[in-house]
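Undergrad: return atomic coordinates for the entry below.
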Amino acid sequence: MKPISELTFGFRDAENYRRRENKDLFNHLFVRTPSLEELCERGKYFLLGEKGTGKTAYAVYFCNNSYRDTRASLKFIRETEYQKFLQMKRSQHLALTDYTNIWRIIICLLLAEQIIDRERRTMFLAPFKRFGALHRAIDEYYAHAFSPEIIHAINFVEESRLAAELLSKYAKLAGEEKESLQFTEKRFQTNLLYIQKHFEAALSELKLKRDYILFIDGIDIRASSIPYPDYLGNMVSHLA
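TA: Numbering: from 1, shown residues only. Predicted structure coming up:
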C-alpha cells in the first residue's frame, strides 16, 4: 500500500492533460463510456453538461488518441475572443444571421488548418484544386505563420475584404473562378457569404480517409470583464 504522499490524483482541469508528459496518466485514469461512440456520430454537434462533468475530458481524450480513426483538435474561447466579438458587433452592426456566418467561417478555417497539418506529409491533398487554392489564400493572409487559435480565425473574418480578395485571387489562378471580383469594406455581410461559400466548396470536395472533429470549449463561461447584458446577447447569438 502506498503512503498518501506517493498517490497521484491528477489535475482538476482536464486541459492540463493535453501536455505530452501527462497523456499516459490521463489515458490510465480516463473512463471510456458509450458517450465516446455517440460523439463520433455525424449528427452530434453539442456536448452539454454541468461544470466538472467531464466535457473537456472527452475532448482531450479525442485529441490525445486516434479513437475510431478520428483526429480531433480542441480550442478554447478566452476573454480576448469575447472582446473581439463585441467589437465586431458594434463596428459592423451585426445581426443574428451574421453571427451564424462568422462561426461557420471560423469553424471551417480551423478544420481546414487541422486537415492541412495532419495530411500535409501524405500529399493526399494535392489533387483537390479548390482546397489547394484555399490553402494558398490562407497562407498568404497569415504570411505562412497561421496559429490555429480562435482569435486568429476571428481576425480573418474581421478583415473580410482582404480575405475575400485572396480567396478570389487563388480560385482564379486555379481555374475555379473566371471573373475578377471587387470587394469593399462596406459590404461585410456579402464578403462573409463569399468566404463561407469558398470554404464549404473546398472542404466538400475532399475525400478523407479519416474523420476530423473540432471541439470549442468555453462558450458558456462569462469573462469577468464582460457585462452581463453583452454576454447574454453574444451567447444567444453564438448558440442560435
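Undergrad: make it CA atoms for all contacts and neighbour counts henceforth
TA: OK.
Undergrad: check which helix or strand covers I216.
TA: strand 211-217 (DSSP states H and E).
Undergrad: for Q114, same thing?
TA: helix 96-119.
Undergrad: buried stuff in that helix?
TA: Residues of helix 96-119 classed as buried: 98-99, 101-116 (neighbour count, 16 or more other C-alpha atoms under 10 Å).
Undergrad: ok, F146 touching D139?
TA: Yes: applying C-alpha atoms under 8 Å, one finds F146 in contact with D139, separated by 7.2 Å.
Undergrad: find residues that contact each of those two.
TA: Residues touching both F146 and D139 by C-alpha atoms under 8 Å, 6 or more residues apart in numbering: none at all.
Undergrad: quick one on the thing from earlier: pLDDT on the helix holding Q114, on average?
TA: Taken as a whole, helix 96-119 has a mean pLDDT of 90.
Undergrad: that one to strand 211-217, inter-axis angle?
TA: Here helix 96-119 runs at an angle of 130 degrees relative to strand 211-217 (axes from the mean of the first three to the mean of the last three C-alpha atoms, to 10 degrees).
Undergrad: other residues contacting the helix or strand just after helix 96-119?
TA: Using DSSP H and E, the next helix or strand after helix 96-119 towards the C-terminus is helix 129-141. Applying C-alpha under 8 Å, 6+ apart, the contact partners of helix 129-141 are 112, 116, 125-126, 144-146, 156, 162-163, 166-167, 169-171, 173-174, 176, 198-199, 201-203, 205-206.
Undergrad: can you list the domains in the protein?
TA: Structural domains assigned to the chain are 1-68, 79-209+226-239, following automatic domain parsing.
Undergrad: so which of the ones you listed is nearest D220?
TA: domain 79-209+226-239 (7.4 Å; C-alpha to C-alpha).
Undergrad: ok so, going back, so which of the contacts of helix 129-141 sit within helices?
TA: 112, 116, 156, 162-163, 166-167, 169-171, 173, 198-199, 201-203 (DSSP state H).
Undergrad: between the residues you listed, which sits nearest N64?
TA: The nearest one, if we look at those relative to N64 and count by C-alpha to C-alpha, is I116, at 18.2 Å.
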